[in-house]
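Asker: Return atomic coordinates for the entry below.
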Amino acid sequence: VSNDPDWLTVTKKSSTVASLKALKNTNTDPRSATVTFTCTGDGGTDSKTVNVSQIGKDPDSIFVTPSSHTFAYNDTAKNITVTANGDWTATSSEDWITVEKKSLASANIYVTENTDIANDRTGKVTFTCGTSSADFNVIQTKKDSITIDGKSDVSWSDIVSSGTTKTFKVAANGPWTAVSSDTNWLNISDTEGSGDKTISLTVANNEEIKSRTGSVTFKRGNSSAVINVTQNAMVYTLSVDPSAWNLKSTSSSIDIDVTSNGPWAASTTADWITIGSKSGNGNATVKLTANEYTGTSKDRLAKVVFKSTKDINVTADVSITQSKRDLITIDDLTYYNWSDVSSSGTTKTFKVTANGPWTAVCDDEWVKLSNSVGTANSDITIEVLENTSGSDRSETVTFKCGAATAIIEITQLKNRFIKAVPSKLICLV
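Answerer: Okay, here's the model as predicted:
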């Protein structure tokens with residue numbers, strides 16, 4: 001047995017069997033060889049030739065699926081499929097890209113976080129199988145960035161209860177959105193945008209008696225910035241002027257000036273007080289009317305309460321005192337007719353009944369009062385002097401207790417007796 005190429009080996013197994021072994025053809029071209037078998041014996045020599053052909057290897061082939069991928073700035077890994085007709089190797093163009101060979105058919109691509117907020121970055125991984133190669137292109141976006149006036153966390157505290165509007169600058173490296181936690185009182189002028197923009201946030205009036213908090217969140221991809229808002233509680237105020245009303249027993253009215261920064265209601269438990277306006281909002285003038293009081297024993301009291309309807313602890317009161325009706329009588333009469341008083345004069349005691357201090361006044365000197373002032377119930381003695389005037393005469397004693405009046409009307413007769421005088425008789429008729 002003889003053969004020429006070194007890639008083909010012939011092994012004699014026995015006198016009738018031989019084996020052929022061909023090495024791997026590493027070229028794409030086919031190749032051929034001959035094997036000659038020779039037998040020498042008594043009858044001479046005989047040879048036979050066997051032609052051997054080996055096809056070339058398939059051309060090197062490799063490709064990856066997918067052939068590219070865009071990573072977010074904080075993505076870390078991507079698995080890809082490798083299809084090759086042989087073993088392969090992979091190399092990265094950038095130090096932030098690494099490759100892990102999972103199997104002949106699979107690989108993991110790893111990237112580190114991109115901290116650059118200004119630019120995306122690119123690179124590639126080259127897969128090689130023999131003379132064939134395939135690129136996996138890598139794009140990693142810049143890091144999402146958004147700030148409010150240069151900060152990612154902004155606090156607006158102690159916003160006045162009456163509300164306000166503030167402007168600020170949104171700085172972002174791409175499209176962004178803004179969401180309010182409560183649009184009932186936090187309203188953003190722009191709920192979306194791109195890049196840098198100056199916008200405003202309006203905080204509405206807080207009518208509640210407790211503070212409130214809310215926020216507006218701005219998002220750019222995976223990055224966010226927040227405005228935290230704390231608004232003060234509404235402090236309600238309420239006052240009245242005047243706060244006290246002292247009136248007589250007669251029916252009367254008064255205007256009350258109400259000063260308030262919110263809604264209010266007015267009420268009273270006294271059925272003798274009429275409130276002109278029982279509710280309002282802000283400043284107002286309210287008329288109060290008191291009925292006539294006929295009681296004589298004591299003054300009567302009432303209160304009109306003005307109360308905030310937003311904060312029941314905020315109140316203002318008008319205290320009302322109506323005087324009892326003034327009362328004075330003389331022997332239980334307001335008019336006492338003391339007539340036909342003797343010309344010789346006399347003295348009489350009267351019972352004065354009053355519900356307060358009283359005075360007594362008489363202008364003529366022929367009527368004498370034991371006392372001209374008194375307190376409540378007391379007696380007074382009136383002396384009528386002798387009438388020497390020659391004619392009847394009258395006088396009024398006036399008693400006063402507040403607005404109440406009582407009088408004693410005194411009428412004294414003239415002297416009707418005949419008086420003897422020298423050389424004449426005089427008869428008084």
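Asker: Grab the nearest non-local neighbour of residue 173.
Answerer: residue 145 (4.7 Å; CB to CB, 6 or more residues apart in numbering). C-beta: built from backbone N, CA, C; applies to glycine.
Asker: In terms of pLDDT, where does residue 429 sit?
Answerer: On pLDDT, residue 429 comes in at 38.
Asker: Also residue 390?
Answerer: Predicted confidence (pLDDT) for residue 390: 89.
Asker: Tell me how far it lies from residue 134.
Answerer: 156 Å (CB to CB, to the nearest Å).
Asker: neighbour-wise, which of these two wins?
Answerer: residue 134 (20 against 10; other CB atoms under 10 Å).
Asker: and the gap between that one and residue 322?
Answerer: Using CB to CB, residue 134 is found at 106 Å from residue 322.
Asker: Check residue 157 too.
Answerer: Residue 157 sits 52 Å away from residue 322, going by CB to CB.
Asker: Just checking: what are the partner strands of the helix or strand containing residue 406?
Answerer: Assigned by DSSP states H and E, residue 406 falls within strand 404-412. Strand 404-412 has the following sheet partners, assigned by DSSP bridges: strand 335-341 (parallel), strand 393-401 (antiparallel).
Asker: Would you mark the buried spots in that strand?
Answerer: For strand 404-412, a neighbour-count test (16 or more other CB atoms under 10 Å) marks 404, 406, 407, 408, 410, 412 as buried.
Asker: And for stretch 120-137?
Answerer: 121, 123, 124, 125, 127, 128, 129, 130, 132, 133, 134, 136.
Asker: before we move on, what about stretch 241-256?
Answerer: 245, 247, 248, 249, 256.
Asker: Is the fourth one in contact with residue 290, as I believe?
Answerer: No. Contact between residue 249 and residue 290 fails when scored by CB atoms under 8 Å: they sit 9.3 Å apart.
Asker: Poorly predicted segments of the chain, please.
Answerer: Along the chain, segments meeting pLDDT under 70 span 1-4, 417-429.
Asker: Recalculate using a threshold of 50.
Answerer: 1, 418, 420-421, 423-429 (pLDDT under 50).
Asker: Of all residues in it, which one is nearest the centre?
Answerer: residue 212 (3.8 Å; CA atoms, centre = their mean).
Asker: Isn't that residue up against residue 184?
Answerer: No. Look at residue 212 against residue 184 with CB under 8 Å: they stay out of range, at 10.1 Å.
Asker: what sits against residue 332?
Answerer: By CB atoms under 8 Å, 6 or more residues apart in numbering, the residues touching residue 332 are 351, 353.
Asker: Could you rerun that using 10 Å?
Answerer: Contacts for residue 332 were tallied using CB atoms under 10 Å, 6 or more residues apart in numbering; they are 351, 353, 406.
Asker: Closest one of the residues you listed to residue 110?
Answerer: Set against residue 110, the nearest of the contacts of residue 332 by CB to CB is residue 353 (112.9 Å).
Asker: State the number of residues packed around the closest one.
Answerer: Counted with other CB under 10 Å, residue 353 comes out at 18.
Asker: Just give the nearest non-adjacent residue to it, would you?
Answerer: Per CB to CB, 6+ apart, closest to residue 353 is residue 329, 4.7 Å.
Asker: Over to residue 378?
Answerer: For residue 378, ignoring the flanking residues on the chain, the nearest one in space by CB to CB, 6+ apart is residue 352 at 5.5 Å.
Asker: same deal with residue 277?
Answerer: Among residues not flanking residue 277 along the chain, residue 286 sits closest, at 4.9 Å (CB to CB, 6+ apart).
Asker: So what sits opposite the one you found in the bridge?
Answerer: For residue 286, the beta-bridge partners under DSSP bridges are residue 256.
Asker: ok, it - contacts?
Answerer: By CB under 10 Å, 6+ apart, the neighbours of residue 286 are 240, 254-258, 264, 266, 275-280, 304, 306, 318.
Asker: So which of those residues sit within strands?
Answerer: 240, 254-258, 264, 266, 275, 279-280, 304, 306, 318 (DSSP state E).
Asker: Show me just the buried residues among those.
Answerer: 240, 256, 258, 264, 266, 275, 280, 304, 306, 318.
Asker: out of those residues, what pair is the most spread apart?
Answerer: Greatest spatial distance among those (CB to CB): 280 and 318, at 14.5 Å.
Asker: if we can go back for a sec, shared neighbours, residue 249 and residue 290?
Answerer: Counting by CB under 10 Å, 6+ apart, the residues touching both residue 249 and residue 290 are 300, 322.
Asker: What's the first helix or strand after the helix or strand encompassing residue 214?
Answerer: Using DSSP H and E, the element containing residue 214 is strand 212-220. Heading C-terminal from strand 212-220, the first helix or strand you meet, by DSSP H and E, is strand 223-231.
Asker: how about that next one: buried residues?
Answerer: 223, 225, 226, 227, 229, 231.
Asker: Which neighbouring elements make contact with that strand?
Answerer: strand 146-148, strand 153-159, strand 164-172, strand 175-180, strand 186-188, strand 197-203, strand 212-220 (3 or more CB pairs under 10 Å, 6 or more residues apart in numbering; DSSP states H and E).
Asker: run the last query once more with 7 Å
Answerer: strand 146-148, strand 153-159, strand 197-203, strand 212-220 (3 or more CB pairs under 7 Å, 6 or more residues apart in numbering; DSSP states H and E).
Asker: Tell me the helices and strands packed up against the second one.
Answerer: Under the contact criterion of 3+ CB pairs under 7 Å, 6+ apart, the helices and strands touching strand 153-159 comprise strand 223-231.
Asker: The strand it packs on pairs with which strands, parallel or anti?
Answerer: Sheet partners by DSSP bridges: for strand 223-231, these are strand 153-159 (parallel), strand 212-220 (antiparallel).
Asker: helix or strand for residue 301, which one?
Answerer: Residue-wise, residue 301 maps onto strand 300-308 under DSSP H and E.
Asker: That strand: how far from the chain's middle?
Answerer: Offset of strand 300-308 from its chain centre (CA atoms, centre = their mean, to the nearest Å): 32 Å.
Asker: same thing with stretch 173-188?
Answerer: Distance, centroid of stretch 173-188 to centroid of chain: 17 Å (CA atoms, centre = their mean).
Asker: Buried residues, it. List them.
Answerer: 173, 176, 178, 180, 185, 186, 187, 188.
Asker: Let's verify residue 182: helix, strand, or coil?
Answerer: coil (DSSP: H, G, I helix; E, B strand; the rest coil).
Asker: Tell me which residues touch the residue nearest to it when sequence neighbours are not counted, please.
Answerer: Among residues not flanking residue 182 along the chain, residue 214 sits closest, at 4.9 Å (CB to CB, 6+ apart). The contact partners of residue 214, taken as CB atoms under 7 Å, 6 or more residues apart in numbering, are 181, 182, 185, 186, 229.
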